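[1] Please find the sequence and the predicted model below.
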Amino acid sequence: MKVIKVNAPFVGEDEIRAVSEVIRGGMLAHGSVVEEFEREFAKYLGVPHLLTVSNGTVALYVALKALGVGKDDEVIVPDFTFFATASTVVLAGATPVFADIDLETYTIDPVSVDELITDKTKAIIAVHLYGHPAEMDEIMQIAKEHGLHIIEDCAQSHGAEYRGMKTGSIGDIGAFSFYATKNLTMGEGGAISTKSRDIAEFVKLYRNHGQVRRYYHEMIGWNFRITNIQAAIGLQQLRKLDQMNSRRREIANIYREELGAIGSLHLPVEKSWASHVYHQFTVWVEGEGVRDRLAEYLRKHGVQVGIHYPRPLHAQPALRKYLRKPCPNAERASAHVLSLPMHPGLSNDDVLTVTKLVKSFFEST
Ligand SMILES: Cc1ncc(COP(=O)(O)O)c(C=O)c1O
């Protein structure tokens, strides 16, 4: 039985050729290919500074360090996102405070953020979850009123736009992941985007042992560098990012046409101010336990699905103690969301196989 994957990297001959060139050239470590990727991605995002780091988790951690977040500080994060959005706050020595989400976009709810601000709040992390931007104007307004920093978690939103601006170009810092299944991949990798020269200078040093020149260290830093091999893959991916995102949008349209009439499903919303890049195509399945039965049915018939995410962050044993206010929307979402296959390599037939199965599940229940 053919298995239809839920996510898959879209890589091929272009990436193989680019990696071979780097290997033949002999400079495998951090070098000119990394710099070229950084220049091109900065231009794509419309920011003056873009610096790569090892992965998206490191990007969030470095972002917090660059903003001076540490002991006694609080950072407001959505309760419904990947673990690293909050774990990096703990790693930076600060306290994550969980805000609830908006159930239309699954992104952080500005009203919930407002209620959680204290004298200790230093920053807000807005996650553009599934590839749909968070409501940035309202979050920026709150940040301005209270003198807070904004980090955009863009791990799932390469190329997505908020009111015509690329995600990662709006807040103080954008944090990207280039993990294998992301809209732009290097296998592993990450980046920081910023308009601030000071932040960029900090990141440049911090990711490379605080080294100003060879064997002269001005501060304690890490080795958070990527290699020319990773950057070579990233450059090829960047050159076709818009095309890959367009294909994701085409697939989303097929899902909408085929599944729009099923009353028990709520399909992803794309707000008038947003351009969605469908990192995931995540639907809400109505009814007690129906989501899990549908997931099992699809898996049984060779369709991989994902649950992003099966529990809110406050229900993670490692983060439980940070819950301050209930987040009922995050709890409900974790019981109802289901991600259907979404990646540029899917054929229309693959998508129609999925939609036929979804329809037959609801016809038989
Ligand atoms: C929303 C979000 N933030 C952060 C990360 C962490 O990125 P990485 O896996 O590259 O460390 C991910 C990756 O899954 C993510 O989806």
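    Thanks, I have it. Note that the coordinates shown come from a computational prediction; the quantities given were computed from them, not determined experimentally. Residues are numbered from 1 along each chain as shown.

[2] Count the residues that sit near the residue nearest to M27 when sequence neighbours are not counted.
    Computed as C-beta to C-beta, 6 or more residues apart in numbering, the closest residue to M27 that is not its neighbour in sequence is N228, at 5.8 Å. Every residue, glycine included, has its C-beta placed from N, CA and C. Neighbour count of N228, defined by other C-beta atoms under 10 Å: 24.

[3] what does the stretch 151-300 of the chain put close to the ligand?
    For the stretch 151-300 of the chain, the contact set with the ligand under C-beta under 6 Å from any ligand atom comprises D153, A155, Q156, S177, Y179, G190.

[4] Kindly provide the distance from the fifth one to S54.
    Computed as C-beta to C-beta, to the nearest Å, the Y179 to S54 distance reads 11 Å.

[5] Give me the common contacts of those two.
    Common contacts of Y179 and S54 (C-beta atoms under 8 Å, 6 or more residues apart in numbering): E188, G189.

[6] residues touching G302, list them.
    Counted by C-beta under 8 Å, 6+ apart, G302 has contacts M1, K2, V3, I4.

[7] Just the buried residues from those residues, in PyMOL please.
    Listed next is the PyMOL selection for buried residues among those, using 16 or more other C-beta atoms under 10 Å:
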select buried, resi 4
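
[8] interface residues of the stretch 1-150 of the chain facing the ligand?
    N55, G56, T57, T81, F82, A84, T85, V127.

[9] In contact with the third one, which residues are there?
    Under the criterion of C-beta under 8 Å, 6+ apart, the contact partners of T57 comprise A84, S87, T88, S177, G190.

[10] and the closest residue to the first one other than its chain neighbours, helix, strand or coil?
    Translated: A84. Once flanking residues are discounted, A84 sits nearest to T57: 4.3 Å by C-beta to C-beta, 6+ apart. Using DSSP: H, G, I helix; E, B strand; the rest coil, the structure places T57 in helix.

[11] Next, find the distance separating T57 from L91.
    From T57 across to L91, the span is 9 Å (C-beta to C-beta).

[12] same thing with D79?
    18 Å.

[13] Compare these two and say which is more crowded by neighbours.
    D79 (33 against 15).

[14] My read is that the more buried one contacts A333, right?
    No - between D79 and A333 there is no contact under C-beta atoms under 8 Å: 9.2 Å.

[15] surely G345 meets V11?
    No - G345 is not in contact with V11 according to C-beta under 8 Å; the separation is 9.3 Å.

[16] Counting residues, which strand of this structure comes out longest?
    Across the chain, the longest stretch assigned as strand under DSSP state E is strand 121-127.

[17] For that one, name the packing helices and strands.
    strand 74-78, helix 84-91, helix 136-146, strand 149-153 (3 or more C-beta pairs under 8 Å, 6 or more residues apart in numbering; DSSP states H and E).

[18] what's the angle from the second one to strand 121-127?
    In other words, helix 84-91. Per axes from the mean of the first three to the mean of the last three C-alpha atoms, to 10 degrees, the angle that helix 84-91 makes with strand 121-127 is 160 degrees.

[19] which secondary structure elements does the helix or strand following helix 84-91 contact?
    Once the chain leaves helix 84-91, the next helix or strand it forms, by DSSP states H and E, is strand 95-99. Under the contact criterion of 3+ C-beta pairs under 8 Å, 6+ apart, strand 95-99 touches strand 74-78, helix 84-91, helix 110-116.

[20] Would you state the predicted confidence (pLDDT) at the residue nearest to A84?
    Predicted confidence (pLDDT) for T57: 99.

[21] Next one: it from W284, what distance?
    T57 is 28 Å from W284, by C-beta to C-beta.

[22] Can you report how many residues lie near A94?
    20.

[23] Look up the pLDDT of it for me, please.
    For A94, pLDDT reads 98.

[24] same deal with L267?
    Value listed for L267 in the pLDDT field: 98.

[25] That one is in contact with I254, isn't it?
    No - using C-beta under 8 Å, L267 makes no contact with I254, being 11.5 Å away.

[26] which one's the longest helix in the protein?
    For the chain, the longest helix by residue count, based on DSSP state H, is helix 241-259.

[27] coming back round to it: residues that sit against both of D79 and A333, list them.
    Shared contacts of D79 and A333, defined by C-beta under 8 Å, 6+ apart, are found at I101, P312.

[28] Please report how far the residue of the stretch 1-150 of the chain found nearest the ligand lies from S32.
    Residue nearest to the ligand within the stretch 1-150 of the chain (C-beta to the nearest ligand atom): G56, separated by 2.3 Å. G56 is 24 Å from S32, where distance means C-beta to C-beta.
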